[in-house]
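J.: here you go, sequence then predicted model.
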Amino acid sequence: MREPGCIAIDGPAGAGKSTIGEHLARRLGYLYCDTGAMYRAIAWLALQKGIDLNDGPTLGKLAEQNTILISKPQIADGRQYTVIIQGHDITWDIRSTQVGRAVSPVSSHPQVRSILIAQQRAIGLQGHIVMVGRDIGSVVMPDADLKIYLTASLRERARRRHTEMVERMGEHNPALPSLEEVMSDVERRDNTDRKNMQPAKDAIIIETDNLGIEQVLDKICHYVEGNK
Ligand SMILES: Nc1ncnc2c1ncn2[C@@H]1O[C@H](COP(=O)(O)OP(=O)(O)O)[C@@H](O)[C@H]1O
Ligand SMILES: Nc1ccn([C@@H]2O[C@H](COP(=O)(O)OP(=O)(O)O)[C@@H](O)[C@H]2O)c(=O)n1
């Protein structure tokens, strides 16, 4: 079998898609594309412009009229990549709690999805890419050579997300949400995302509750080897 050209990694919030996806891309020398960052960028812009998050047509136009630039990190501050929209570096802004609460309603609109999915497909056609998100294996790149669906329990995913926030914001930051608040945010996002988050029928599902990052990576590399 030939080397996998496109590897799709899907799954719910906190399953490990971005971490595993970036490590895998680096190990294979592949491009890495985090499609969630694109939806988050549109959500951020919508919040900036005070656009109603239920207004699909206007949000679709916003996605159509604004280029999202995602490039290699120019700043060594722990970022995986740099996200720029309308000349603003919003790499960390898109990780805010506010954007986290807005992104699912924004991404639920077909007018937004059709624009971003077309852009994601164009990126995927470059080949030798690890693309992460919710619907990569099922919708964006249905012919992907390898489809992985990562998941974990809600509690574990909320714990991971909260730990990440403590590391980024500092444990005494007054803006730091509690683990319970993070868990309800993740659960709310799961519920809104559910429609667009069904694993592809040919996806390999990996439960990661009791697996460390390296163990998940090794599992996936085993499938990559098997795919060659
Ligand atoms: N298998 C794992 N075990 C423990 N922590 C993990 C695992 N996978 C990811 N993490 C950590 O959980 C947090 C969320 O992971 P991330 O890759 O951002 O998830 P997603 O992109 O699916 O939302 C990160 O801090 C990451 O280091
Ligand atoms: N391919 C994708 C990727 C993200 N999304 C949406 O964008 C949101 C943020 O995606 P993300 O990958 O950054 O979120 P995390 O899983 O990293 O928390 C998700 O909760 C979905 O609502 C989507 O609808 N389709």
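T.: Ah, there it is. All figures in this text were calculated on a predicted structure; none of them were measured in a lab. Numbering: from 1, shown residues only. Ligands and ions are numbered 1, 2, ... in the order given.
J.: so the helix or strand hosting residue 223, near ligand 1 or not?
T.: Under the criterion of DSSP states H and E, residue 223 resides in helix 213-227. Yes. Applying CB under 6 Å from any ligand atom, one finds helix 213-227 in contact with ligand 1 at 213, 216. For every residue, glycine as well, the C-beta is placed using N, CA and C.
J.: what's around the closest residue to residue 39 other than its chain neighbours, how many residues?
T.: Distances taken as CB to CB, 6 or more residues apart in numbering place residue 107 nearest to residue 39, at 4.2 Å, with adjacent residues excluded. Number of residues near residue 107 (other CB atoms under 10 Å) recorded here: 26.
J.: measure residue 107 to ligand 2 for me?
T.: Relative to ligand 2, residue 107 is positioned 4 Å away (CB to the nearest ligand atom, to the nearest Å).
J.: try residue 51
T.: Residue 51 is 16 Å from ligand 2, where distance means CB to the nearest ligand atom.
J.: so the residue nearest to residue 39 touches residue 114, yeah?
T.: No. Checked against CB atoms under 8 Å, the pair residue 107 and residue 114 is beyond contact range at 11.6 Å.
J.: contacting residues around the spatially most central residue of the chain?
T.: By CA atoms, centre = their mean, the chain has its centre lying nearest to residue 36, at 3.4 Å. Applying CB atoms under 8 Å, 6 or more residues apart in numbering to residue 36 gives the contacts 17-18, 103, 132-134.
J.: what's the answer for residue 143, then?
T.: Shown in contact with residue 143 (CB under 8 Å, 6+ apart): residue 6.
J.: SS state for it?
T.: Three-state call for residue 143 (DSSP: H, G, I helix; E, B strand; the rest coil): coil.
J.: how about residues contacting the helix or strand containing residue 193?
T.: Using DSSP H and E, residue 193 sits in helix 179-193. For helix 179-193, the external contacting residues (CB under 8 Å, 6+ apart) are 12-14, 97, 100-101, 103-105, 107-108, 134, 154-155, 157-159, 161-162, 165, 177, 197.
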